[in-house]
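*Asks:* Pasted the sequence and its predicted model underneath.
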Amino acid sequence: MQVVSQGSSSCTANKPQHRVDKGSAPTGSSLLPRLAATTRRPLPRQFPSIPAQKNISTIAMAQRDELWAFSSDKDLNTVASHSATTIKRPAIVEEHSTDALTGLIIASPTKKARTVGDTTAGAVAGYSPELTKALKSVVKIFTTMASPNFGQPWQMHQQTKCTATGFVVAPLGSRRILTNAHAVANQVAVKVRKHGNAQRYSARVLAVGHECDIAMLTVDDDEFWEDVQPLEINGLPAMQESVMVVGFPTGGDNVCVTKGVVSRIDRSNYSHGRTTLLAIQVDAAINSGNSGGPVLLGDHVVGIAFQCLTSGENIGYIIPVPVINHFLEDLERNGGKYTGFCELGVSWQSMENPDMKLALGMPRGMTGVYITKTEPMYDASSKLRAGDVLTHFNGVEIADDGTFLFREAVRINFGHLVSQAFHGDEATCKVWRDGQHLTLPVVLSTPHQLVPVHSHDVKPSYFIYAGLVFTPLTSWYLRSVYGADWSCKAPIKLVEKAFAASMKQTGEEVVVLSKVLASDINAGYQDIANIQVLSVNGQKVANLAHLAYLIKTCQDKFVKLQLEWSKV
């Protein structure tokens with residue numbers, strides 16, 4: 001089992017988890033006092049003797065170490081700066097090609113000689129033009145957040161602070177800053193600071209997509225937008241392509257730049273939103289505080305840093321351009337409102353067994369996946385049915401293992417094709433049914449979850465009657481009560497609802513009796529907790545609001561609650 005650290009997010013049993021970088025901790029580290037204590041010892045005023053055969057670079061290293069030791073007794077804020085010599089280095093000049101399926105630019109850089117002096121106007125000495133532009137776009141984000149207590153829904157957890165990274169996106173007139181959703185989730189206040197600037201500006205959250213872990217901010221102060229250069233978002237890097245990650249990770253207050261190569265392109269678990277979308281794996285260092293930072297190839301953004309795998313060495317993940325563009329287009333289509341990523345609403349299994357194909361009478365060479373279940377709330381339930389073999393989605397052939405050819409030599413799950421559609425779009429599904437190949441139109445929609453997999457930026461609802469506390473069942477409620485491994489500790493009935501139950505009507509919820517607050521009126525029931533409420537006086541409970549209505553309007557002498565496990 002892969003174990004991935006996720007900041008404050010948790011991992012469920014037998015599923016790989018990823019760390020969502022919650023940002024570096026606020027300043028106040030004990031490193032500096034300890035450094036001062038260890039370097040205030042008297043030091044010799046002579047540099048250590050160095051044998052004549054040692055080269056000049058060794059002497060320079062020893063001199064720098066000694067100078068640092070001497071300067072430790074002085075104010076750490078006053079550090080001597082040395083003028084750097086101009087060094088010639090090769091630069092990357094990009095040649096682009098276009099991916100036939102996605103329509104995205106695939107960069108294939110070739111190297112040409114260029115000196116540092118051959119930079120554009122305004123470039124910082126020693127920096128490439130691309131990095132100079134990025135530094136005028138990147139910002140450090142300071143967030144104060146307060147999360148609700150799902151175990152005791154009338155309370156809030158103590159406020160916490162974190163830092164993250166963001167960047168200004170083109171066009172500049174739109175005044176948009178992109179960052180990670182987990183960097184501003186449950187936010188109370190958000191401030192941003194430009195690179196090289198000491199002032200913090202108040203920011204507003206315009207939209208948040210928790211599933212794709214992207215948020216959009218803006219700053220109302222006109223002064224902030226002076227001398228800012230926006231970054232263009234385009235391109236899907238090729239395997240082994242070198243990329244640059246810019247951000248403000250833990251370990252310091254200034255910007256940090258790391259480099260790495262693209263190791264893998266695949267659908268991966270987004271730990272913050274508990275969903276599976278396209279992601280790019282890189283070996284560049286992505287640490288707490290890097291969250292939301294731009295990942296650059298040349299002078300354009302090819303991804304947003306958002307999580308890393310702690311059980312491996314230098315395994316980081318970035319949100320690729322197709323997911324970013326879907327988030328931005330979703331906002332444009334819906335007047336700035338985020339709706340989410342679509343699902344087909346079916347369960348399926350692979351068709352890799354040849355005898356299974358023979359039993360279904362499939363022609364030789366036909367591939368696809370076997371549909372085992374359709375979800376009632378999706379349009380697919382009225383068009384597709386269990387026993388169908390889904391062979392094509394929007395004209396793209398689906399292999400027996402459920403993958404399709406994404407690009408040359410790269411196959412990913414066909415769920416990516418579904419996720420790139422928008423709510424209300426009509427897709428074409430080709431299925432093999434009863435010896436016939438049928439083409440069926442299916443309207444796609446965003447997920448309908450009976451038990452929400454996440455509850456970011458949502459305060460829990462609750463209803464108290466006679467000391468009985470009722471609340472809707474969510475994954476975050478189970479985590480709050482039973483911890484990160486709630487799937488192993490929570491009551492089996494509730495775990496089954498969380499993983500396998502389907503919503504059958506709009507607004508349906510699983511209502512649980514969370515706990516009993518001791519009182520004379522509920523004597524004998526005080527040990528009952530975390531059990532589903534099925535009905536009130538014989539009427540089935542649809543959701544929490546319906547339960548409250550049934551209790552308040554009850555005309556009977558007694559209120560009878562039918563609970564799971566035949567308890568009353």
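*Replies:* It's in.
*Asks:* what are the bridge partners for Leu231, then?
*Replies:* Assessed by DSSP bridges, Leu231 has beta-bridge partners Val169.
*Asks:* Pro171 is in contact with that one, correct?
*Replies:* No. With contacts counted by C-beta atoms under 8 Å, Leu231 stays clear of Pro171, the gap being 10.9 Å. Just so you know, the C-beta spots here come from the backbone N, C-alpha and C atoms, and that holds for glycine as well.
*Asks:* Looking at those two, which one has more neighbours?
*Replies:* Legend: neighbour count by other C-beta atoms under 10 Å for Leu231 and Pro171, higher for Leu231 (22 against 9).
*Asks:* In the protein, spot the strand with the most residues.
*Replies:* Counting by DSSP state E, the longest strand found in the chain is strand 256-270.
*Asks:* Can you name the next helix or strand after that strand?
*Replies:* strand 275-282 (DSSP states H and E).
*Asks:* can you pull out the strands in the stretch 251-400 of the chain?
*Replies:* Using DSSP state E, counting those that start in this stretch, the strands found in the stretch 251-400 of the chain span residues 256-270, 275-282, 294-297, 300-309, 315-320, 346-349, 369-374, 389-393, 396-397.
*Asks:* out of these, deepest packed?
*Replies:* Comparing the strands of the stretch 251-400 of the chain by mean neighbour count (mean count of other C-beta atoms under 10 Å), strand 300-309 comes out on top with a mean of 28.
*Asks:* what angle do that one and strand 275-282 make?
*Replies:* 100 degrees (axes from the mean of the first three to the mean of the last three C-alpha atoms, to 10 degrees).
*Asks:* per-residue confidence averaged over strand 300-309?
*Replies:* Average pLDDT, strand 300-309: 94.
*Asks:* Note down every partner strand of it and its orientation.
*Replies:* In the sheet, strand 300-309 lines up with strand 19-20 (antiparallel), strand 232-233 (parallel), strand 294-297 (antiparallel), strand 315-320 (antiparallel) (DSSP bridges).
*Asks:* what residue is smack in the middle of this protein?
*Replies:* The centre of the chain sits closest to Asp213, judged by C-alpha atoms, centre = their mean, with a distance of 3.4 Å.
*Asks:* In the stretch 101-250 of the chain, where is pLDDT below threshold?
*Replies:* 101-126 (pLDDT under 70).
*Asks:* Check the chain too.
*Replies:* Using pLDDT under 70, the flagged stretches of the chain are 1-126.
*Asks:* those helices in it, which residues are they?
*Replies:* Using DSSP state H, the helices of the chain run over residues 31-39, 56-71, 129-135, 321-333, 354-359, 380-383, 415-419, 475-482, 486-489, 492-500, 544-552.
*Asks:* May I see these arranged in TSV, with distance to Glu397 and mean neighbour count as well?
*Replies:* Shown next, in TSV, are those (distance: least, C-beta to C-beta, whole Å; neighbours: other C-beta atoms under 10 Å):
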stretch	distance to Glu397	mean neighbour count
helix 31-39	57	11
helix 56-71	59	12
helix 129-135	39	20
helix 321-333	20	19
helix 354-359	15	12
helix 380-383	19	17
helix 415-419	11	21
helix 475-482	35	21
helix 486-489	35	16
helix 492-500	30	16
helix 544-552	45	17
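*Asks:* ok so, going back, can you redo the strands paired with strand 300-309 as a markdown table, where the extra columns are distance to Ser350?
*Replies:* Formatted as a markdown table, the strands paired with strand 300-309 follow (distance: least, C-beta to C-beta, whole Å):
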| stretch | distance to Ser350 |
| --- | --- |
| strand 19-20 | 30 |
| strand 232-233 | 35 |
| strand 294-297 | 33 |
| strand 315-320 | 26 |
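*Asks:* now for those strands, which one comes closest to Gly196?
*Replies:* Among these, the nearest to Gly196 by C-beta to C-beta is strand 294-297 (16.4 Å).
*Asks:* And for that closest one, what's in contact with it?
*Replies:* The contact list for strand 294-297, computed with C-beta atoms under 8 Å, 6 or more residues apart in numbering, reads 94, 107, 109, 130-131, 134, 137-138, 165, 167, 231, 235, 237, 241-246, 282, 284, 301-305, 318.
*Asks:* quick one: contacts for the residue nearest to the centre of the chain?
*Replies:* Applying C-beta under 8 Å, 6+ apart, the residues near Asp213 are Val20, Asn180, Ala181, His182, Tyr270, His272, Gly273, Phe306, Gln307, Ile319.
*Asks:* can we see that at 10 Å?
*Replies:* 20, 179-183, 185, 270-273, 275, 277, 279, 291-292, 304, 306-307, 317, 319, 323, 327 (C-beta atoms under 10 Å, 6 or more residues apart in numbering).
*Asks:* Pull out the buried residues from stretch 403-416.
*Replies:* Using 16 or more other C-beta atoms under 10 Å as the test for burial, stretch 403-416 gives Thr403, Phe404, Phe406, Arg407, Ile412, Asn413, Phe414, Gly415, His416.
*Asks:* how close does the fifth one sit to Leu277?
*Replies:* Taken as C-beta to C-beta, to the nearest Å, the spacing of Ile412 relative to Leu277 amounts to 11 Å.
*Asks:* JSON lines for the buried residues of stretch 403-416, including distance to Gly507?
*Replies:* Below are the buried residues of stretch 403-416 laid out as JSON lines (distance: C-beta to C-beta, whole Å):
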{"residue": "Thr403", "distance to Gly507": "36"}
{"residue": "Phe404", "distance to Gly507": "35"}
{"residue": "Phe406", "distance to Gly507": "37"}
{"residue": "Arg407", "distance to Gly507": "41"}
{"residue": "Ile412", "distance to Gly507": "34"}
{"residue": "Asn413", "distance to Gly507": "31"}
{"residue": "Phe414", "distance to Gly507": "30"}
{"residue": "Gly415", "distance to Gly507": "26"}
{"residue": "His416", "distance to Gly507": "30"}
